[in-house]
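Participant: predicted model and sequence below, questions to follow.
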Amino acid sequence: MATMTSLIGLINKIQRACTVLGDHGGEGLSLWEALPSVAVVGGQSSGKSSVLESVVGRDFLPRGSGIVTRRPLVLQLHKTEEGTHEYAEFLHIPRRRFTDFAAVRKEIADETDRITGKTKQISNIPIHLSIYSPNVVNLTLIDLPGLTKVAVEGQQESIVQDIENMVRSYVEKPNCIILAISPANQDIATSDAIKIAREVDPSGERTFGVVTKLDLMDKGTNAVDVLEGRQYRLQHPWVGIVNRSQADINRNVDMIAARRKEREYFETSPEYGHLAHKMGSEYLAKLLSQHLEQVIRQKIPSIIALINKTIDELNAELDRIGRPIAVDSGAQLYTILEMCRAFDKVFREHLDGGRPGGDRIYGVFDHQLPAALKKLPFDRHLSLKNVQRVVTEADGYQPHLIAPEQGYRRLIEGSIGYFKGPAEASVDAVHFVLKELVRKSISETEELKRFPTLSNDIATAANEALEKFREESRKTVLRLVDMESSYLTVEFFRKIHFEPEKNPNGPPNPNRNGPPNMDSYTDNHLRKIGTKFSMSLFRNN
Ligand SMILES: Nc1nc2c(ncn2[C@@H]2O[C@H](COP(=O)(O)OP(=O)(O)OP(=O)(O)O)[C@@H](O)[C@H]2O)c(=O)[nH]1
């Protein structure tokens, strides 16, 4: 029980923080809306103020005819130790303790006028009032303007709808417990409170029905059917109340005496005697407090989650906003270099590992390049016909002596030349990956988030550098290909050493021991040259 009491105290504190921060619910992420509260709803003169006052046990609410409550009043009750003095505090006047409750009433009226003017306008900015007393239970109650049916003299036509909208904006929130006040001397079917409660809480699980003015019912009628839930069903029991009559108020009957009178009324009532232990304003206060505890207990995890989420968002924003920038140019340069280093670190992580992206460069050499090489038209270049043509043309009119070496060289040179295309394409592919990583790294560098111009400058500089590297790399790979084809080692020729074959069907060779000429090479031999070259090209790459 003690923990529960402090839980309500904690919620009270959070609610006050919300008001200071301008969070009255509504837009965006609202802590206010996550907190449970009790809103008092009812038609004008239904007895709302009287119920609130008897729950508190003090007179402190403005009185008067017509529309009195024009701003929501968030009333937080704090139970203090027995024997301590009662006092009230407004959030808008911190550290001033009101012990005179007539002054509290005046301040509520004055503070209402400060925001709305004296024009009978309404405002949804709440007034926060805390009452510290040994005679209350920990509870937050919200007093709302009374629902009306017609605008009276001096009010705009829209006031009826405006009040309804404001009341609805409070009670439609799923965390709002609705204290629906209906006077017993009116048919419950015509109750404004029940009408709006039913609209926003059809199952009745967060509505507490309160029937006032039981003492004012016509002789011979009673509200037992309503109080026992037979006329309109709610999940919670109905509570009957007998407040002070206007005559009592005029006679200055104090609250303690009024509570005693109310208790006596129920205990001695022939109709309600059997319900006496579940009636009256003190019972209502306890019932609400218990229910609020239960709701808070259920809500705590989601409230904590919401607070943590907000903290995370604020921390992230703080990171983004960062430290103040120095004014002197030396320190500014240092800051810029620091940010460049931060970017560099992210970029390096992308390349070396830790962040994704560098693996795509490996992919260029592991998949893309070999796949492109495999597609090169070697079968055409090393086809029987081409090999024959190149070998024949290579020596011009001078026949070769031992092997058609010039022919081999031309074939190899031509083949290696095909590597230039895929080599250049690899440079472009790597360049593309690096450019993409620069873009990603800039957007992932937290420090740069608040400096879009610097981010752009870094991107431009990095891309210019990459462009230069691309040119250099392209030249380098082309040179490498040229180097490969410009000098063929002896070893290479040894590996592809061919024994000339005789043509078994061809004409007899007159120079049997002389140098072989083209005629002495069979198709089969030339085909072998093609295959061997092509194999050796792939072995070397
Ligand atoms: N006899 C009797 N009179 C009551 C009871 N409850 C309220 N009244 C009287 O009804 C009148 C209106 O009560 P309020 O408590 O001011 O009602 P309200 O709903 O706050 O009214 P507004 O603030 O004007 O919307 C006052 O004169 C009260 O004395 C009750 O249970 N019995």
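Facilitator: Structure's in. What do you need?
Participant: so which residues on this structure come close to the ligand?
Facilitator: By CB under 6 Å from any ligand atom, the residues of the chain that approach the ligand are 42, 44-50, 68-69, 146, 212-213, 215-216, 241-246, 249. Yep, even glycine has a C-beta here, placed from its N, CA and C like the rest.
Participant: repeat the analysis, applying 5 Å as the threshold.
Facilitator: Counting by CB under 5 Å from any ligand atom, the positions of the chain adjacent to the ligand are 44-50, 68, 146, 212-213, 215-216, 242-243, 245-246.
Participant: just for the stretch 251-400 of the chain, where's the confidence low?
Facilitator: The model of the stretch 251-400 of the chain has pLDDT under 70 over residues 320, 322-323, 399-400.
Participant: the host helix or strand of residue 360 packs against which elements?
Facilitator: According to DSSP states H and E, residue 360 maps onto helix 359-363. Helix 359-363 sits against helix 420-444, with contacts defined as 3 or more CB pairs under 8 Å, 6 or more residues apart in numbering; DSSP states H and E.
Participant: which element is encountered next along the chain beyond the helix it packs on?
Facilitator: Following helix 420-444 in sequence order, the next helix or strand is helix 452-486 (DSSP H and E).
Participant: on contacts alone, who are the packing partners of that next one?
Facilitator: If contacts are counted by 3+ CB pairs under 8 Å, 6+ apart, helix 452-486 sits against helix 329-352, helix 405-417, helix 420-444.
Participant: got JSON lines for the ones you listed, with mean neighbour count and distance to residue 287 too?
Facilitator: Shown next, in JSON lines, are the helices and strands packed on helix 452-486 (neighbours: other CB atoms under 10 Å; distance: least, CB to CB, whole Å):
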{"stretch": "helix 329-352", "mean neighbour count": "15", "distance to residue 287": "59"}
{"stretch": "helix 405-417", "mean neighbour count": "18", "distance to residue 287": "94"}
{"stretch": "helix 420-444", "mean neighbour count": "18", "distance to residue 287": "55"}
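Participant: any idea which helix or strand carries the residue of the stretch 301-450 of the chain at minimum distance from the ligand?
Facilitator: Distance from the ligand to each residue of the stretch 301-450 of the chain (CB to the nearest ligand atom) is smallest for residue 303, at 31.0 Å. Remark: residue 303 resides in helix 281-321, with elements defined by DSSP H and E.
Participant: next one: residue 75
Facilitator: For residue 75, the element it lies in under DSSP H and E is strand 73-79.
Participant: okay, now the residue of the stretch 101-250 of the chain found nearest the ligand: neighbour count?
Facilitator: In the stretch 101-250 of the chain, no residue comes nearer to the ligand than residue 146, which is 2.8 Å away by CB to the nearest ligand atom. Close neighbours of residue 146, defined as other CB atoms under 10 Å, add up to 24.
Participant: so it sits against residue 46, correct?
Facilitator: Yes - the pair residue 146 and residue 46 passes the contact test of CB atoms under 8 Å, sitting 6.8 Å apart.
Participant: circling back: how about the helices and strands packed on helix 452-486 in JSON lines, adding distance to residue 182?
Facilitator: Output for the helices and strands packed on helix 452-486, formatted as JSON lines (distance: least, CB to CB, whole Å):
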{"stretch": "helix 329-352", "distance to residue 182": "65"}
{"stretch": "helix 405-417", "distance to residue 182": "97"}
{"stretch": "helix 420-444", "distance to residue 182": "60"}
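Participant: so which of the ones you listed is nearest residue 288?
Facilitator: Shortest distance between residue 288 and those, using CB to CB, is found for helix 420-444: 51.5 Å.
Participant: which secondary structure elements does that closest one contact?
Facilitator: Under the contact criterion of 3+ CB pairs under 8 Å, 6+ apart, helix 420-444 touches helix 329-352, helix 359-363, helix 369-374, helix 452-486.
Participant: distance to residue 58 added to those, as a markdown table?
Facilitator: Below are the helices and strands packed on helix 420-444 laid out as a markdown table (distance: least, CB to CB, whole Å):
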| stretch | distance to residue 58 |
| --- | --- |
| helix 329-352 | 60 |
| helix 359-363 | 73 |
| helix 369-374 | 87 |
| helix 452-486 | 58 |
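Participant: in the stretch 51-200 of the chain, where is pLDDT below threshold?
Facilitator: Along the stretch 51-200 of the chain, segments meeting pLDDT under 70 span 63-67, 119-120, 138, 154.
Participant: which residues of it fall in strands?
Facilitator: Listed in chain order, the strands of the stretch 51-200 of the chain (DSSP state E, counting those that start in this stretch) span 73-79, 87-90, 93-98, 127-133, 139-143, 176-183.
Participant: most packed of these?
Facilitator: Of all the strands of the stretch 51-200 of the chain, strand 176-183 has the most neighbours on average by mean count of other CB atoms under 10 Å, namely a mean of 26.
Participant: what angle do that strand and strand 139-143 make?
Facilitator: Interaxial angle of strand 176-183 relative to strand 139-143 (axes from the mean of the first three to the mean of the last three CA atoms, to 10 degrees): 60 degrees.
Participant: report all helices and strands that strand 176-183 contacts.
Facilitator: Applying 3+ CB pairs under 8 Å, 6+ apart, we find strand 176-183 packed against strand 37-42, helix 48-56, helix 192-200, strand 207-212, helix 281-321.
Participant: pairing partners for that strand, with directions?
Facilitator: When pairs are called by DSSP bridges, strand 176-183 turns out to pair with strand 37-42 (parallel), strand 207-212 (parallel).
Participant: and those strands, which one is worst for confidence?
Facilitator: Here the lowest mean pLDDT among those goes to strand 37-42, at a mean of 90.
Participant: what's the angle between that strand and helix 48-56?
Facilitator: Orientation of strand 37-42 against helix 48-56 (the same axes, to 10 degrees) gives an angle of 140 degrees.
Participant: sorry, back to before: TSV for the strands paired with strand 176-183, including mean neighbour count?
Facilitator: Listed next are these as TSV, based on neighbours: other CB atoms under 10 Å:
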stretch	mean neighbour count
strand 37-42	25
strand 207-212	25
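Participant: switch those over to CSV; also include distance to residue 235.
Facilitator: Formatted as CSV, these follow (distance: least, CB to CB, whole Å):
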stretch, distance to residue 235
strand 37-42, 15
strand 207-212, 8
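Participant: which stretch among those strands comes nearest residue 535?
Facilitator: Closest of those to residue 535 is strand 37-42, at 84.2 Å (criterion: CB to CB).
Participant: and that closest one with strand 73-79, angle?
Facilitator: Calculated by the same axes, to 10 degrees, strand 37-42 forms an angle of 120 degrees with strand 73-79.
Participant: off-centre distance for strand 37-42?
Facilitator: 31 Å (CA atoms, centre = their mean, to the nearest Å).
Participant: could you do stretch 214-233 as well?
Facilitator: On the basis of CA atoms, centre = their mean, stretch 214-233 sits 50 Å off its chain's mean C-alpha point.
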